[in-house]
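[1] with the input below, show me the fold.
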Amino acid sequence: MMLLAIEQGNTNTLFAIHDGNEWTAQWRTATDASRTADEYAVWLHQLLTMKGLQFDALSGCIISSVVPQSIFNLRNLARRYLRIEPLVIGENVDLGIEVRIAKPSEAGADRLVNAIGAHLLYPGDLIVIDSGTATTFDIVAADGAFEGGLIAPGINLSLQALHEAAAKLPRIAIQKPEHVIGRGTVEAMQSGVFWGYISLIEGLVARIRTEWGRPMTVIGTGGVASLFEGATDSIDRFDPDLTIRGLLEIWRRNTHLTAE
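    Got it, this is the predicted structure:
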C-alpha cells in the first residue's frame, strides 16, 4: 500500500506519502484555489521522481480541504494521473467519530480529522490547538467524540491586520522576542503578537479546563505551533503529524469497510 494524503488549509497544502509502515515523504505548497490538476501533477511528479517513485506506485488517496473550490482540482489529480478514486473528507467518507455539537454538519473537516488523530495517540480528555490561518481550540472527549471548541484569528492574520490597518506599522516576521517590553516598533509588534498569543492560549486553556471540570491534555499542532514550544506550560505535547495521522486512520477505516 502506498497512500497519498492531501491536507489543504487556507494557507498551505501538505502532500504526504505513507508506505504502509511509515510516512516516507512530506511536501508543502502554498494553497492556491485556482491551481489546476495538471499544475499539481507537474509539481508532484517532480517531487515523486526525486524519491524514486512514479504515479503508478500510489494505490490510495485521501483528501481533506477547507477550500471547497480546490477539491475539484485535487480530485481530478487523483483520477487523471493516479487513476484512483480518492476519498474526500465530507463527501464519500465515514469518519467514525461522534460529533456532539448542535449542528454536526458545521464541524470543519480539518477539526474532525485532528480529533481522530489526537484520540489515536493520547488517552483521556483533550484540547487540540491548531495554529494556522485560524487558531482553533477543539475538545475531544475520552471516548473520542468531538465536543466543539473555539475559533480565533491566527497569528499571521493579526500581523497582517496590524500592517494593513496602520499606515506606519511595517510588515514583520513572526519570532519570539527576547523581551516583553519592546524598545522599538518592530520589537513592540513582535512582542504584542507573540506574547499576546501565548496569553490567548494560556487564558483559553485555563477557562476550558475550568468549564470542563476534568483533567485534560493539551496538544499543539499546525504550521506555527512550533513557535510556541518552550514558551508556555499550557501545551503538554507538540505533534506536527496529528492531521496526517488522522487521515491515515480514516483511510484505513473506510478501505476496511469497502473490503468487507
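[2] going by C-alpha atoms from here, please, whenever you check contacts or count neighbours.
    OK.
[3] distance of Ala102 relative to Thr136?
    Counting by CA to CA, to the nearest Å, the gap from Ala102 to Thr136 is 18 Å.
[4] ugh, wrong one, I meant Ala107
    Distance from Ala107 to Thr136, by CA to CA: 12 Å.
[5] ok, back up a step: between Ala102 and Thr136, which one's more packed in?
    Thr136 (20 against 10; other CA atoms under 10 Å).
[6] for that one, give me phi and psi.
    phi -110, psi 140 (degrees, to the nearest 10).
[7] tell me what the lowest-mean-pLDDT helix or strand in the chain is packed against?
    Evaluated with mean pLDDT, DSSP states H and E, the helix-and-strand set of the chain has its lowest mean pLDDT in helix 155-165, which scores a mean of 73. With contacts taken as 3 or more CA pairs under 8 Å, 6 or more residues apart in numbering; DSSP states H and E, helix 155-165 sits against strand 134-140, helix 185-212.
[8] and the shortest one, how far out from the chain middle?
    It refers to strand 134-140. 10 Å (CA atoms, centre = their mean, to the nearest Å).
[9] packing partners of it?
    helix 109-121, strand 125-131, strand 146-153, helix 155-165.
[10] average pLDDT for that strand?
    Mean per-residue pLDDT for strand 134-140: 94.
[11] so what pairs up with Ile219 in the strands?
    Under the criterion DSSP bridges, Ile219 forms beta bridges with Val128, Arg237.
[12] got the contact list for Ile63?
    Listed by CA atoms under 8 Å, 6 or more residues apart in numbering, the contact set of Ile63 reads 5-8, 74-75, 86-89.
[13] and it, what are its bridge partners?
    Ile6, Val88.
[14] I'd like to know how far it sits from Gln26.
    14 Å.
[15] and what of Ile208?
    33 Å.
[16] who has more neighbours, these two?
    Per other CA under 10 Å, whichever of Ile208 and Gln26 has more neighbours is Ile208, with 18 against 15.
[17] which of the helices and strands packed on strand 134-140 has the lowest mean pLDDT?
    Looking at the helices and strands packed on strand 134-140, the bottom one is helix 155-165 with a mean of 73.
[18] list the buried residues for that helix?
    By 16 or more other CA atoms under 10 Å, the buried positions in helix 155-165 come out as 155-156, 159, 162-163.
[19] out of these, flag the one nearest to Leu204.
    Ranked by distance to Leu204 (CA to CA), the buried residues of helix 155-165 are led by Ile155 at 15.2 Å.
[20] where does the prediction get shaky in this protein?
    163, 165-170, 257-260 (pLDDT under 70).
[21] if we use 50, what do you get?
    258-260 (pLDDT under 50).
[22] looking at it, which residue lies furthest from center?
    Arg183 (34.6 Å; CA atoms, centre = their mean).
[23] just say helix, strand or coil for it.
    coil (DSSP: H, G, I helix; E, B strand; the rest coil).
[24] let the chain start at 59 from now.
    In the new numbering, first residue 59, that becomes Arg241.
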